[in-house]
Each structure stands twice: as C-alpha cells, then as structure tokens.
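1. Build me a model:
(one chain, ligands or ions: 3)
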Amino acid sequence: MWKFSRFVSASKLLRSRRFSTAIPGPCIVHKRGADILHDPWFNKDTGFPLTERDRLGLRGLLPPRVISFEQQYERFMDSFRSLEKNTHGQPEKVVSLAKWRILNRLHDRNETLYYRVLIDNIKEFAPIIYTPTVGLVCQNYSGLFRRPRGMYFSAKDKGEMMSMIYNWPAHEVDMIVLTDGSRILGLGDLGVQGIGIPIGKLDVYVAAAGINPQRILPVMLDVGTNNEKLLGDRLYLGLRQPRLEGEEYLSIVDEFMEAVHARWPKAIVQFEDFQMKWAFETLERYKKRFCMFNDDIQGTAGVALAGLLGSVRSQGRPLSDFVNQKIVVVGAGSAGLGVLKMAIQAVERISGCSESAAKSQFFLIDKNGLVTTERSNLDPAAAPFAKNPRDIDGLTEGASIIEVVKKIKPHVLLGLSGVGGIFNEEVLKAMRESVSTKPAIFAMSNPTLNAECTAIDAFNHAGEHIVFASGSPFENVDFGNGKVGHVNQANNMYLFPGIGLGTLLSGAHLITDGMLQAAAERLASYMDEEDILKGILYPSVNSIRDVTAEVGAAVLRAAVEEDLAEGYGEVGSRELAHMSKEEIVEYVRHNMWYPVYSPLVHEK
Ligand SMILES: NC(=O)c1ccc[n+]([C@@H]2O[C@H](COP(=O)([O-])OP(=O)(O)OC[C@H]3O[C@@H](n4cnc5c(N)ncnc54)[C@H](O)[C@@H]3O)[C@@H](O)[C@H]2O)c1
Ligand SMILES: O=C(O)C[C@H](O)C(=O)O
Ligand SMILES: [Mg+2]
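-> Ligands and ions are numbered 1, 2, ... in the order given. Now for the predicted structure:
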C-alpha cells in the first residue's frame, strides 16, 4: 500500500515538471533597475516586456521597442554569420578567437540567450567554448581578460577560504569544476590562466546536462606556476611564484574543499586538469570524504572504455571478445592510467579471469618507451601495468612505439600522451599489419595540435578500413571514391555531464566506482549495431542532451542500488527507489534546465 502511494506521487511529480517547462515559473530577483540590466543571470536586454519594465524600474533605461527572444536569437546568429564572413581567409587562430569573443560577450551580458544559442548549435559552438579553442583562450587569458568569471582562491588566501566562499553571490551551488592550472589539456602549466577550462566544462554542463547556470561555480586554485614564460610576463594575472609543493600544496586544497563542504555540503566537485601526481593523490584523499571525481582519470576512462567496446563490436565480434583484444596505450599519465585500470576491470568482469590474465593484452608506453618491470625508478602509479620482460615476445624495456606496434600488431592503438604527431606515418603504416579486421586508432590528446595524429593521416596511412577517434574534433575524411571515413570524438564530454547530473539528482554524497561504471556501460550501449558496424562508436555531439539523460539515469540508478541515493529537492530516496528505469530517464530529462525568459518578480 505504502509502496503504491509513493510510486504515484513520483509520477505526479514528473507530470508537474513537464508542465512547468511549458510555462516558465517566476524568478525572484532582489535587485531593480540598471542593476538587473547589468546582471547576465536576469538580463533580457530589449526583451523585457513593458509591464516588467514598469515593475522593475526599467522604463526609460531601454529603447522603447520590445524585441522577442526569437528575434534576439536571430540577430545574434546574423552577427555570428557576418563575423564568419568577415574573417574568412584569416589565420585559424584569429578566426577562433574572434568567434570565442562574440560568444563570450553574449555570455557576459545575457546568459539565457547565450545558453539557448549554445544548446541549439552545440556541435558548431562546442569547439569554440570548449576544446580546442578553450586551450587557445587559456594561453591568451591574461590579454583577453575583461571580466572575472567564477572564483579565484590563491595561496595568499590561506586561512581565509571559509569566509571567502560566502562572497559567491548564489545561495545554492550544485556543480563546481576546480583546476590548479598545472596541466591544461596538452599545453602544460598555464597557472591562473587555466580558469578557462572550468568555465568551458561548466558551459558543457549547462548545455548537455541542463544544470542551472545560477548553480554552477568555476574555480581556480592558484598555487603559483612553474611556467617561466608566464612568471616573466608583466600582464600575467596569477601569483608570480613557483608552485607550492607537498604538504603546503595539500593544505590549500584541503582548506578549499572544507570551505565548499561547509557552505554547500551537497555540491559536486569535479577535479580537472591537475598534473598527474596531484590528480591521483587528491582523488584518493577526497573520494570517500566529499562528493567529487577526477574527470581526466575517471571520466576519460569511461569514454575510452565505451570506445574500446565499440571497436570490438565494429569488427562484428561479440563483447566477450574484448578479452582477446591487444591494446597499446601511449601515455602513462592520469588519463592513460585511468583508462588502463577501467579497461582491465572490464576484461575481468566480462571474462571472469584473474587480474593478471586480464592485464596480459595491454601494453603501456610512456616518454621512455615500453614500460616494463625492468625500468629503474619505475613510477609507482604505472607499476601495476608494467610488463614482465618474459611476456613480451622479445621486446625490451623502453621499446619504441613503432617497435611495439610492429611486434604486437595490436587491435587498438590509443594515445593519451599530449604529444602531437607521435603516431607518425611509419607507426600508422605499421597498423596496416594489425590482427584486427578494423584496427582502431584513438588519438585522444587535446587540443588539435597535440593529437597523436590527424584524421586524414590516420585514414591515409593506416587504411580506409580503420576506426578512428580523436579527443578534439576533426572533419570526416572524404576518400574521393564516394566513401567517407567517419571521425569519432572520444572526449570525456560524453560522460562528465551525466556523472554530475545523475549524482546530483540521486543526492548521493559520494561518487563510487559502481556509479562511474554504470555511466561508461550506458554510453557503450548507446549506439546501435548498424552505426557501430560503420565505425560510428560515439553519438553525434548534437545528441549530447539525450546521451547525458541516459548516462545520468544510469548513474542515478547505480546510486539507488548502492543505497546511496538520498534524494534531491522534493523527491526523496523512497520515490527514487520506486521509479522504473524509464521513469528515471524521464525524471532526469525533466530536471534539465532549459533557457527561457521567466517572468521576474522583485522581492526586497
Ligand atoms: N580525449 C579526452 O577526453 C581526454 C581526457 C583526458 C586527457 N586528455 C588528453 O590526454 C593528454 C594527456 O593527459 P594526462 O592527464 O594523462 O597527462 P600527463 O601529463 O599526466 O601524462 C602524459 C603521459 O604521456 C607520456 N609521454 C610524454 N611524451 C611521450 C612520448 N613522446 N611518447 C610516449 N609517451 C609520452 C608521459 O610520459 C606521461 O606518461 C593531454 O593532451 C590531455 O588533453 C584527453
Ligand atoms: O578538456 C577536454 O577536452 C578533455 C580532457 O578533459 C582533457 O583534459 O583533455
Ligand atoms: Mg581535462
């Protein structure tokens, strides 16, 4: 009896939410007049209806004509298209930064319109506000800086963070993306300029997961930089000191995490672009204390695993064949090691074999070549994946990529090295000898110039039959014979929004391996057989909201199964536990924020 009434109340809730997206509910503002026009959360520019202008003291502060949301949207897109025309033929860098600037100006002025154009044109705009242009923006941040966005905590703020966190104007925060700028994409240490990454990731959260932009917070933890060029740059905006190390460093991160937890105990913190040693150490330190995850280790692992499983299916083979795939991973950093760990666990689950048997098909290469147990000062993080020289068929410690590929003839060559072009012509040609009918090449490093190879080179040298994926977007490759080589984007953007949203709606206070695994499995099963056989392993970026709803639902379900779901808002743990699989997907979907102008109601 009780169960039934709970179930009904959950579906009622879903229905009421569906209505609420059709007629936007009012939005309470505590300001009036010009202050509203200068607040991008509430500003509607010329879109304020006359009655609202009266109510909010805006009459006379705007030209008299009221322009509809649709007209504003068209006007922006017209400006964007003319900018494209006017910059035609100019260097790519100039064009990309010009496009970023026009979008950024809109972001600073009117968030509702900004997120609507972003959602509707996500495939076109993601490469501007996210990877790869975001890398260029970070490199030029101090020169591009006009207005702050997010929060900046520096080593000089030690002892002050608990009070500083209250300087953030929003009462509620759901999602935080945090970086210390120490490994920005494949571009290295960019110090305070790395703030562009949390901003870009959170834009993807809003666009893909429908996290309310009033509840997001990008954060830069500035503990100095070891980038000599930045330290010598008079316009550099960060602390001009070498990076803190050891306990001094950790005490800053601890203080930040405690301050966040004190003000918003349920906020999720995504660690992003930390150099490897701190990426691993902070994950171990906080994963059982705070609701957090490391996207480069855990998000990337899930996306890569989905791609690896897809590459098995693309050969027309059953998933159980994953255990026989020979996989060479180039890059033993936070991303590469995260991928190896998750992929090996998947082999164990699929085949029921032991960990050491599961590892036998994986080969790890770093900047010193093939990683074996013979290496002197072997990195402890890479040690579990080091090969015993007896098991590598005559290969030796430090063997090069070409030596390994020629000897092993792998099914998959996966790069997370940050080094552009290391899958050179010789390496790619060697992949023609792969034992797979559809060899897979994953050039996952970002941004574009750091990709291990380009799409054109991969198809040209390794053959038209390969499966190709890259971290940054490339155009599909036209073979000129009526056929096209499909380019997949293997980027953690397919997972992190769903991990965040599913965790948020579950109300879990931790993010477990089970929740992350559920996310990866849902992404892996998203594509149908027909597409997979054509080499399409990941959905189009245009479907990112749908993918995120499915991934989010899988994460939420896993949290329920692990008894971690405490509920969110009016929906408690019991309602969640009694929702069907389909209802959970619906529930997640209908909790996604969508940009529309809500009536503003002033309250003192
Ligand atoms: N596509 C995605 O979703 C995604 C996700 C995370 C990271 N990445 C990208 O992966 C790259 C690496 O990230 P990370 O966090 O692991 O970095 P990291 O600095 O922790 O690790 C880099 C690794 O590459 C190795 N390496 C360097 N030069 C090499 C060479 N010449 N040959 C072979 N190995 C070499 C290093 O030894 C190190 O093990 C970056 O470009 C990052 O942008 C992509
Ligand atoms: O930011 C990205 O595009 C993916 C990933 O998090 C990276 O660090 O490269
Ligand atoms: Mg990253």
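
2. switch to C-alpha atoms for all contacts and neighbour counts from now on
-> Noted.

3. so who does the residue of the chain at minimum distance from ligand 2 touch?
-> For the chain, the residue closest to ligand 2 is residue 185, as judged by C-alpha to the nearest ligand atom, at 4.2 Å. Contacts of residue 185 were listed using C-alpha atoms under 8 Å, 6 or more residues apart in numbering, and they are 135, 273, 418, 445-447.

4. do that again at 7 Å, thanks
-> 135, 273, 446-447 (C-alpha atoms under 7 Å, 6 or more residues apart in numbering).

5. Check residue 461 too.
-> Residue 461 sits next to 425, 428-429 when contact means C-alpha under 7 Å, 6+ apart.

6. same check, this time on residue 519
-> 495, 499, 551, 554-555.

7. The one residue sitting closest to the centre of the chain - nearest residue in space that isn't next to it in sequence?
-> The centroid of the chain falls nearest to residue 493 when counting by C-alpha atoms, centre = their mean (3.7 Å). The shortest distance from residue 493 to any non-neighbouring residue, by C-alpha to C-alpha, 6 or more residues apart in numbering, is to residue 204 (7.4 Å).

8. could you point out which element follows the lengthiest strand in the chain?
-> If you go by DSSP state E, the chain has its longest strand at strand 216-222. The element immediately downstream of strand 216-222 (helix or strand, assigned by DSSP states H and E) is helix 228-231.

9. Just want the residue of the stretch 351-500 of the chain that's nearest ligand 3.
-> In the stretch 351-500 of the chain, the residue that lies nearest ligand 3 is residue 492 (8.0 Å; C-alpha to the ion).

10. cool, the stretch 101-250 of the chain as well?
-> Of all residues in the stretch 101-250 of the chain, residue 185 sits closest to ligand 3, at 5.8 Å by C-alpha to the ion.

11. tell me the pLDDT at that residue?
-> Listed pLDDT for residue 185 reads 98.

12. re earlier: is ligand 2 within reach of the longest strand of the chain?
-> No - with C-alpha under 6 Å from any ligand atom as the criterion, ligand 2 is not reached by strand 216-222; the gap is at least 14.0 Å.

13. If you count contacts, what does that strand end up packed against?
-> On a contact count with 3 or more C-alpha pairs under 7 Å, 6 or more residues apart in numbering; DSSP states H and E, strand 216-222 meets strand 151-154, strand 175-179, helix 196-204.

14. hmm, 10 Å instead?
-> strand 151-154, strand 175-179, helix 196-204, helix 246-263, strand 268-271 (3 or more C-alpha pairs under 10 Å, 6 or more residues apart in numbering; DSSP states H and E).

15. Ligand 1 versus the residue nearest to residue 493, what's the distance?
-> Distance of residue 204 to ligand 1, given as C-alpha to the nearest ligand atom, to the nearest Å: 13 Å.

16. That residue contacts residue 210, correct?
-> Yes - with contact defined as C-alpha atoms under 10 Å, residue 204 reaches residue 210; the gap is 8.8 Å.

17. Identify the contacts common to the two.
-> 115, 119, 497, 545 (C-alpha atoms under 10 Å, 6 or more residues apart in numbering).

18. quick one: which of these is nearest to residue 224?
-> residue 497 (29.1 Å; C-alpha to C-alpha).
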